[in-house]
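Colleague: have a look at this fold, sequence not included:
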């Protein structure tokens with residue numbers, strides 16, 4: 001990161017709705033931390049995994065370029081996607097006598113690239129190759145087959161052969177660090193699974209044994225359900241039937257009403273419950289603790305504010321604070337929280353025709369960074385050691401260099417209620433209201449000079465959708481418009497200044513904050 005040697009009070013401070021005052025007035029909110037009072041190692045479950053649409057999309061150059069960017073700036077460790085076994089990945093067919101034929105050329109291109117980025121696959125085993133399928137039911141524009149296998153032994157052999165291929169290509173020690181997850185959202189039937197819960201457990205049993213036949217140390221789990229379903233039932237099934245299970249995976253989204261909605265036409269409403277999303281995760285952890293397998297890892301392999309890729313909250317500046325609020329509330333309940341997804345290069349409902357359409361992505365199709373992107377960008381700047389902090393909407397950390405980071409936000413659910421859809425509300429220009437002051441006090445700092453970098457995300461600050469609105473929402477963006485929006489939404493500090501900490505080791509400042517602002521103070525020791 002470039003360090004500035006001069007104090008810069010540029011006009012961005014004025015336009016950003018942030019101002020500071022050196023005064024002793026009573027404040028609405030106080031964040032008081034001490035450099036010397038540690039809370040322990042920072043829990044980085046927020047960047048353990050990230051989602052993507054389907055495997056075949058990962059063969060695209062623009063998809064790969066965007067993944068390299070999010071790895072560099074947000075440092076996700078794993079990536080998960082659908083469709084690894086679907087026909088567009090050319091994995092499986094049968095000869096004229098019904099003998100299986102395996103092919104991993106497309107899979108190798110994708111997985112080699114992921115590994116080259118120092119990332120790891122969170123391997124979702126699905127959907128069913130048509131040659132192995134018992135029926136013709138499919139899901140999505142790209143027609144992932146959602147039926148059980150016509151022959152469970154062939155299903156097990158496919159999983160075993162694929163796993164053995166991974167072992168041969170990437171090495172035993174590497175594949176031991178991967179996760180193998182069986183299917184996706186089988187509780188949505190019809191939808192992602194054409195059969196019953198009992199039939200899913202049969203699918204899981206054969207797949208788990210296929211993975212473990214290659215190496216018993218490889219990790220397998222599920223049920224990858226929507227809405228945190230089947231957690232207790234799946235653990236009970238595996239415990240009673242001696243079926244391998246190394247982790248629980250499930251999903252949650254922060255909206256009320258609806259079902260499987262690829263197009264957003266049924267309408268979504270952001271849940272007003274303060275513990276939406278996070279409450280489900282904490283409950284899932286409780287279920288595991290009380291089960292026959294109390295030490296299982298818990299991975300939320302999909303989560304977001306909304307479950308449809310046609311929800312404008314995904315593009316809104318409100319998402320940045322929402323993401324931070326939910327992750328903070330989860331605490332240590334989950335081992336990973338995989339945001340769904342990193343890019344709008346995502347074709348469940350088919351290729352999209354507009355640059356901002358409420359897509360799941362942290363980046364839009366052209367690689368424009370949405371406000372949600374900067375939540376992860378800023379979290380990745382946090383130091384490895386967390387400081388003691390009683391404020392419920394901030395993280396305070398330090399690193400081994402003596403730098404201090406304070407990431408704070410206000411999440412205010414401004415949604416007007418159940419009678420208004422997200423699809424109507426979040427497409428509007430929604431100015432943020434003042435939310436009072438936050439008093440920042442940092443004690444115990446090392447004496448000396450620092451560069452104080454201040455970052456912000458909020459209304460019209462790193463708010464690409466606001467810039468899109470300013471262009472009158474064109475159906476297509478010109479190259480110049482794309483470049484203009486990218487240049488305004490880089491995540492660079494809105495101000496940089498030199499400060500000197502004396503022998504008392506104290507820094508104090510008052511900060512005005514608006515609804516759904518996200519602010520980071522980064523004290524860089526010189």
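Modeller: Happy to help now that I have it. Remember, it's a predicted structure, so these values are computed and weren't measured experimentally. Residues are numbered from 1 along each chain as shown.
Colleague: quick one: low-confidence parts of this protein?
Modeller: Along the chain, segments meeting pLDDT under 70 span 1-27, 257-264.
Colleague: domain-wise, how is it divided?
Modeller: 12-41+385-525, 45-379 (automatic domain parsing).
Colleague: from those domains, which stretch is densest packed?
Modeller: domain 45-379 (a mean of 20; mean count of other Cβ atoms under 10 Å). Where C-beta positions appear, they are placed from N, C-alpha and C, glycine not excepted.
Colleague: residues contacting the residue most central in space within the chain?
Modeller: Taking Cα atoms, centre = their mean, the centroid of the chain lies closest to residue 339, which sits 1.8 Å from it. Shown in contact with residue 339 (Cβ atoms under 8 Å, 6 or more residues apart in numbering): 50, 51, 303, 304, 323, 362, 372, 376.
Colleague: distance of residue 501 from residue 62?
Modeller: 45 Å (Cβ to Cβ, to the nearest Å).
Colleague: same check on residue 131?
Modeller: In terms of Cβ to Cβ, residue 131 sits 31 Å off from residue 62.
Colleague: next one: residue 95
Modeller: 36 Å.
Colleague: cool, residue 39 as well?
Modeller: Relative to residue 62, and taking Cβ to Cβ, residue 39 is found at 40 Å.
Colleague: from the centre of the protein, point out the most distant residue.
Modeller: Farthest out in the chain is residue 97, which, by Cα atoms, centre = their mean, sits 44.4 Å from the centre.
Colleague: tell me which element that one is part of?
Modeller: When elements are assigned from DSSP states H and E, residue 97 belongs to no helix and no strand.
Colleague: now swap in residue 39 and tell me
Modeller: Counting by DSSP H and E, residue 39 is part of strand 38-41.
Colleague: just checking, what packs against that strand?
Modeller: strand 385-387 (3 or more Cβ pairs under 8 Å, 6 or more residues apart in numbering; DSSP states H and E).
Colleague: tell me the strands beside the strand it packs on, with direction?
Modeller: strand 38-41 (antiparallel), strand 394-398 (antiparallel) (DSSP bridges).
Colleague: now render the ones you listed as JSON lines, adding distance to residue 151.
Modeller: Below are the strands paired with strand 385-387 laid out as JSON lines (distance: least, Cβ to Cβ, whole Å):
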{"stretch": "strand 38-41", "distance to residue 151": "48"}
{"stretch": "strand 394-398", "distance to residue 151": "51"}
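Colleague: closest one to residue 137 among these?
Modeller: strand 394-398 (44.9 Å; Cβ to Cβ).
Colleague: which is the succeeding secondary structure element to that closest one?
Modeller: Past strand 394-398, the next helix or strand by DSSP H and E is strand 404-409.
Colleague: what is that next one packed up against?
Modeller: If you count contacts as 3+ Cβ pairs under 8 Å, 6+ apart, strand 404-409 packs onto strand 29-34, helix 318-330, strand 394-398, strand 434-443, strand 518-525.
Colleague: can you add distance to residue 297 and give these back as TSV?
Modeller: Output for those, formatted as TSV (distance: least, Cβ to Cβ, whole Å):
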stretch	distance to residue 297
strand 29-34	30
helix 318-330	14
strand 394-398	23
strand 434-443	35
strand 518-525	29
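Colleague: which one of those lies nearest to residue 117?
Modeller: helix 318-330 (22.5 Å).
Colleague: how far out from the middle of the chain is that closest one?
Modeller: 11 Å (Cα atoms, centre = their mean, to the nearest Å).
Colleague: wait, doesn't residue 395 sit right on residue 388?
Modeller: No: the pair residue 395 / residue 388 is not scored as a contact, 11.5 Å apart, by Cβ atoms under 8 Å.
Colleague: now name the helix or strand holding residue 474.
Modeller: Judged by DSSP H and E, residue 474 forms part of no helix or strand.
Colleague: contact partners for it?
Modeller: 355, 481.
Colleague: what about it, distance to residue 28?
Modeller: From residue 474 to residue 28 the distance is 40 Å (Cβ to Cβ).
Colleague: I figured residue 371 hits residue 316, correct?
Modeller: Yes: using Cβ under 8 Å, residue 371 is in contact with residue 316, at 7.0 Å.
Colleague: any shared contact partners between these two?
Modeller: In contact with both residue 371 and residue 316: residue 465, using Cβ under 8 Å, 6+ apart.
Colleague: does residue 80 sit in a helix, a strand or a coil?
Modeller: strand (DSSP: H, G, I helix; E, B strand; the rest coil).
Colleague: quick check: closest non-adjacent residue to it.
Modeller: Spatial nearest neighbour of residue 80, chain neighbours left out: residue 122 (3.8 Å); criterion: Cβ to Cβ, 6 or more residues apart in numbering.
Colleague: and the one you found, helix, strand or coil?
Modeller: Under three-state DSSP, residue 122 comes out as strand.
Colleague: same deal with residue 505?
Modeller: coil.
Colleague: which helix or strand contains the residue nearest to it when sequence neighbours are not counted?
Modeller: Of all residues not flanking residue 505 in the chain, residue 445 sits nearest, at 4.4 Å (Cβ to Cβ, 6+ apart). Here residue 445, judged by DSSP H and E, is contained in no helix and no strand.
Colleague: so residue 445 touches residue 500, yeah?
Modeller: No: between residue 445 and residue 500 there is no contact under Cβ under 8 Å: 10.5 Å.
Colleague: now do the phi/psi pair for residue 378.
Modeller: When read as degrees, to the nearest 10, the backbone of residue 378 gives phi -80, psi -40.
Colleague: which residues touch it?
Modeller: Residue 378 neighbours (Cβ under 8 Å, 6+ apart): 407, 455, 457, 491, 518, 520.
Colleague: quick one: which two of those residues are the most distant?
Modeller: Checking the contacts of residue 378 with Cβ to Cβ, the most distant pair is 407 and 491, at 12.9 Å.
Colleague: all the helices of the stretch 351-500 of the chain, residue numbers only.
Modeller: 371-379, 422-425, 464-470, 479-488 (DSSP state H, counting those that start in this stretch).
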